[in-house]
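S.K.: Structural data only, the sequence is not supplied:
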Ligand SMILES: CC(=O)N[C@H](C=O)[C@@H](O)[C@H](O)[C@H](O)COP(=O)(O)O
């Protein structure tokens with residue numbers, strides 16, 4: 001299958017819904033064939049794009065879907081809090097496995113490889129670059145570096161208590177600054193995802209509420225328990 005052009009990728013996901021197919025780490029659904037099935041089901045359901053973690057999962061998925069894929073590789077490093085695609089080799093491997101877009105952590109935290117080298121590498125590999133940011137300052141810096149997409153992905157995840165609501169203000173501010181904005185993080189219902197687009201997001205990604213079955217079941221189980 002021939003690779004989509006960069007403008008086709010952005011056009012396809014614009015105002016679209018992205019399904020992040022990331023099962024709970026090490027859980028019973030954490031298997032490449034299950035991730036690939038989630039991805040296919042997401043395409044059947046109308047997703048405009050996918051977010052897939054891990055090279056094996058990406059390889060298993062790519063042959064079965066035609067919509068753009070955002071590839072990431074998560075690592076737990078001993079000397080850095082940065083988890084999302086920390087190394088240049090990860091970028092190369094995700095590109096080879098068929099990612100159209102590669103996302104990296106865009107936060108201003110100690111990291112093994114500088115973000116300038118990451119965006120350059122993503123573009124050299126022929127992919128679009130997405131920065132997973134936690135605040136406006138980081139988003140603007142990543143925009144300046146040439147990232148094609150800036151996400152609110154890391155807002156609420158760099159310290160302190162995780163808020164219940166998505167970070168709408170960050171989405172609005174990034175949009176006002178002229179970024180192509182991916183609303184991401186805690187958009188746990190169709191209404192919240194719709195709100196993301198209404199407030200200016202160019203696309204919205206949802207993960208836990210679709211593909212982390214243990215979380216979804218616990219939401220229902222706890223709600224039912226609380227009625228007893
Ligand atoms: C903070 C972080 O590491 N976010 C990760 C990035 O890939 C995923 O764990 C999230 O599931 C994804 O961003 C979608 O968000 P939500 O699961 O809230 O719909």
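M.R.: Nice, I can see it. Not measured: the values here are computed from a predicted model.
S.K.: can you give me the helices in this protein?
M.R.: When assigned using DSSP state H, the helices of the chain occupy the ranges 6-13, 32-45, 55-61, 88-96, 115-124, 136-145, 168-176, 190-198, 208-211, 213-226.
S.K.: got a markdown table for those, with distance to the ligand too?
M.R.: Where you see a C-beta, it was placed from the backbone N, CA and C, and this is true even at glycine. Formatted as a markdown table, the entries for the helices of the chain read as follows, by distance: least, CB to the nearest ligand atom, whole Å:
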| stretch | distance to the ligand |
| --- | --- |
| helix 6-13 | 15 |
| helix 32-45 | 13 |
| helix 55-61 | 12 |
| helix 88-96 | 13 |
| helix 115-124 | 16 |
| helix 136-145 | 14 |
| helix 168-176 | 13 |
| helix 190-198 | 9 |
| helix 208-211 | 3 |
| helix 213-226 | 8 |
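S.K.: Nearest to residue 162, out of those?
M.R.: With distances scored as CB to CB, the stretch of these nearest to residue 162 is helix 208-211 (11.5 Å).
S.K.: got a list of contacts for the closest one?
M.R.: 19-23, 29, 38, 42, 187-189, 215-216 (CB atoms under 8 Å, 6 or more residues apart in numbering).
S.K.: what do you get for stretch 19-33?
M.R.: Outside of stretch 19-33, the residues that reach it under the criterion CB under 8 Å, 6+ apart are 34-35, 38-39, 42, 45, 47, 49-54, 56-57, 59-61, 184, 205-207, 210-215.
S.K.: Can you give me the buried ones in that stretch?
M.R.: Judged by neighbour count using 16 or more other CB atoms under 10 Å, the buried positions of stretch 19-33 are 19-23, 29, 32.
S.K.: In strands, which of those residues fall?
M.R.: Taking DSSP state E, the ones among the buried residues of stretch 19-33 that sit in strands are 19-21.
S.K.: May I ask which helix or strand of this structure has the lowest mean pLDDT?
M.R.: Least confident helix or strand of the chain, by mean pLDDT, DSSP states H and E, is helix 6-13 with a mean of 95.
S.K.: Contacts for that one next, please.
M.R.: Applying CB under 8 Å, 6+ apart, the contact partners of helix 6-13 are 4, 48-49, 67-68, 100-101, 128, 148-149, 180, 202-203.
S.K.: Skipping its backbone neighbours, what lies nearest the residue positioned nearest the centre of the chain in space?
M.R.: Centrality entry for the chain: nearest residue to the mean C-alpha point is residue 51, 5.3 Å, by CA atoms, centre = their mean. What sits nearest to residue 51 in space, not counting adjacent residues and going by CB to CB, 6 or more residues apart in numbering, is residue 20, at 3.8 Å.
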